[in-house]
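S.K.: dropping a prediction and its sequence here:
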Amino acid sequence: MKKLRVTQQILRPSVAGILFAALATPALAVDLKTADGEWTFSIDGEINVDYIWSSCQSPGSASSVNGGLTCVGSASGNDVSNIGNGLLPAAFSFGVATTQDGIDLAAHLGLYPGIATNDGGSPNLESNSANGSSNTALGTTGLDVRQVYMTFGNKDMGTFTLGRNIGLFGADVILADMTLPGVGAPGTAAGAAPSNTTLGGIGFGYIYTDWLAQIDYTTPDFSGFNFTVGIFDPLNSLSEGTATVEPKKAPGVHGKATYTLPIADGTKLYISATIISQKQYYQDTTVTPALPYSYTGTGEDLFAKFDMQGLEVVGYGYHATGLGTTALFDGGAFDDGETRTSNGWLAQVTYQLGPAKLGYNHGDSRLDFANSADQLADPALVRSNRKDTVGVYYSLTKALMLLGEVSRVKSYSDDASAACPSCGSNSATTVNVGAFLKF
């Protein structure tokens with residue numbers, strides 16, 4: 001029986017590099033030019049630290065929710081404290097750019113350290129130390145190198161992007177998520193082995209976009225319209241159990257259409273729609289002879305953002321088959337490739353009041369059984385992960401933000417009965433305060 005892998009651990013990648021498109025300004029970047037003026041080198045980045053306190057579900061009343069993202073207390077108590085990064089690790093982003101023969105050329109490298117102690121494997125996963133915690137003396141933090149790509153093109157021919165960069169599906173919503181510089185859902189920050197990053201809104205209204213090795217083409221602007229199409233290196237499933245992964249026969253494909261409508265000074269509407277598709281190939285080795293099987297994961301999403309002076313309203317929704325929930329290809333199929341359907345949505349409103357931004361968002365990610373056999377095999381499979389966050393983000397200076405958030409998360413499964421209507425659900429509350437410095 002296959003299990004969702006993402007429960008109380010953070011996703012392997014997090015979302016540092018995309019922050020600069022949403023928060024950083026060119027004035028904060030450091031630009032250097034070669035003596036002949038032909039090449040421009042740049043560096044920008046950020047560092048963030050939060051105190052994170054969570055009140056988790058009491059163990060005595062906790063339900064088993066396979067794929068739930070709500071923390072559960074322990075015999076010593078239900079409160080958990082942590083000092084660490086939020087949704088983003090620190091970031092140091094290096095770029096180089098020039099124009100040759102009328103073509104704009106650029107390359108980018110992103111380095112992403114955190115502050116959580118983790119000496120082995122991915123710094124965004126807790127280690128497998130004997131005591132179940134990576135936060136021990138004499139340790140060190142980890143470094144991610146998740147972003148390295150080049151671009152070439154111009155406003156007439158469009159732009160080609162080649163390398164490892166953020167994916168298209170789900171990118172706009174995480175860029176717009178107000179908890180991006182904060183914490184949101186705590187993930188492993190509410191456990192014994194904190195990793196480099198929290199969940200933010202990942203798994204609560206959207207599937208994580210991830211970092212993909214890809215080759216994309218984006219068209220020139222057509223009166224506010226842009227189109228991107230590309231291929232990416234296929235991802236293996238996170239939840240195929242003992243099945244043996246087969247080599248992929250073809251790349252995954254993704255595409256995106258965007259439209260920006262200027263309405264008035266300080267008022268505009270932005271809309272995007274994205275698709276993704278990739279096929280999985282596996283062998284079921286629990287039978288003799290081994291049984292090969294395959295399935296296709298597909299997803300579609302729609303994003304809208306309306307800005308009017310200091311008011312920003314965001315709406316997002318997705319539908320997927322075989323992609324699973326929280327992470328790409330996590331719990332997307334049952335047995336030998338019988339796909340599950342998932343969907344979710346996020347609504348958010350923020351208002352800028354002088355140096356302070358006030359915000360609220362609600363997100364809900366849902367996963368359906370593949371069939372009755374799936375429900376019989378895993379009745380505690382997560383049905384819904386929901387989150388509400390209220391946040392205050394105060395710009396003390398142009399570079400330094402102080403912030404505070406309160407988040408309430410709840411996970412549900414269908415494993416309830418008339419005798420125990422509260423079975424199949426867990427809830428928790430997280431409060432965080434911190435600072436975010438960009439340069």
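M.R.: Sure, I can see it. The shown structure was predicted, so the numbers you read here are calculated from the model rather than taken from an experiment.

S.K.: helices and strands of this structure: which one has the lowest mean pLDDT?
M.R.: Lowest on mean pLDDT, DSSP states H and E among the helices and strands of the chain sits helix 19-22, with a mean of 50.

S.K.: what does the helix or strand just after it rub up against?
M.R.: Downstream of helix 19-22, the first helix or strand assigned by DSSP states H and E is strand 30-33. Here strand 30-33 makes contact (Cβ atoms under 8 Å, 6 or more residues apart in numbering) with 39, 40, 41, 42, 43, 44, 439. (Each C-beta comes from the backbone N, C-alpha and C, glycine too.)

S.K.: now the two most distant members of those.
M.R.: 39 and 439 (21.4 Å; Cβ to Cβ).

S.K.: now the helices for this protein?
M.R.: All helices of the chain, identified by DSSP state H, fall at 19-22, 171-176, 372-377.

S.K.: tell me the mean pLDDT for stretch 307-322?
M.R.: For stretch 307-322, mean pLDDT rounds to 97.

S.K.: so which bits of that stretch are buried?
M.R.: Within stretch 307-322, the residues that qualify as buried by neighbour count (16 or more other Cβ atoms under 10 Å) are 307, 312, 314, 315, 316, 317, 318, 320, 321, 322.

S.K.: present the residues you listed as TSV; the columns should include distance to residue 51.
M.R.: Below are the buried residues of stretch 307-322 laid out as TSV (distance: Cβ to Cβ, whole Å):
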residue	distance to residue 51
307	31
312	27
314	27
315	31
316	29
317	33
318	32
320	35
321	40
322	39
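
S.K.: farthest-separated two in those residues?
M.R.: Once Cβ to Cβ is applied, these give 307 and 322 as the farthest pair, at 34.8 Å.

S.K.: residue 295: how many residues sit nearby?
M.R.: Residue 295 is flanked by 19 other residues according to other Cβ atoms under 10 Å.

S.K.: residue 286 too?
M.R.: Residue 286: 11 neighbours (other Cβ under 10 Å).

S.K.: again with residue 263
M.R.: By other Cβ under 10 Å, 11 other residues sit near residue 263.

S.K.: hmm, it is touching residue 269, no?
M.R.: Yes - taking Cβ atoms under 8 Å as the definition, residue 263 is a contact partner of residue 269 at 6.4 Å.

S.K.: what touches both of the two?
M.R.: By Cβ under 8 Å, 6+ apart, no residue touches both residue 263 and residue 269.

S.K.: and stretch 34-42, how far out from the chain's middle?
M.R.: Distance of stretch 34-42 from its chain centroid, counting by Cα atoms, centre = their mean, to the nearest Å, is 34 Å.

S.K.: quick check, pLDDT for residue 194.
M.R.: Looking at residue 194, the pLDDT reads 84.

S.K.: how many residues are close by it?
M.R.: Residue 194 has 28 nearby residues by other Cβ under 10 Å.

S.K.: circling back to that earlier point, need the winner for burial among the helices of the chain.
M.R.: Of all those, helix 171-176 has the most neighbours on average by mean count of other Cβ atoms under 10 Å, namely a mean of 24.

S.K.: just checking, what packs against it?
M.R.: helix 19-22, strand 267-284, strand 291-308, strand 311-321 (3 or more Cβ pairs under 8 Å, 6 or more residues apart in numbering; DSSP states H and E).

S.K.: columns distance to residue 179 on top of these, output as CSV?
M.R.: Below are those laid out as CSV (distance: least, Cβ to Cβ, whole Å):
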stretch, distance to residue 179
helix 19-22, 12
strand 267-284, 20
strand 291-308, 16
strand 311-321, 12
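
S.K.: next one, pLDDT for residue 60 please.
M.R.: Confidence score, pLDDT, at residue 60: 88.

S.K.: likewise for residue 112?
M.R.: 92.

S.K.: who's it bridged to?
M.R.: For residue 112, the beta-bridge partners are residue 144 (DSSP bridges).

S.K.: for it, give its distance to residue 409.
M.R.: Applying Cβ to Cβ, to the nearest Å, the value for residue 112 to residue 409 is 25 Å.

S.K.: residue 281 now?
M.R.: The spacing between residue 281 and residue 409, counted by Cβ to Cβ, is 35 Å.

S.K.: neighbour count winner among those two?
M.R.: The neighbour comparison of residue 281 against residue 409 (other Cβ under 10 Å) goes to residue 409, with 29 against 18.

S.K.: surely that one meets residue 69?
M.R.: Yes - taking contacts as Cβ under 8 Å, residue 409 lies within contact range of residue 69: 6.4 Å.

S.K.: which neighbours do those two have in common?
M.R.: Residues touching both residue 409 and residue 69 (Cβ under 8 Å, 6+ apart): 185, 204, 385.
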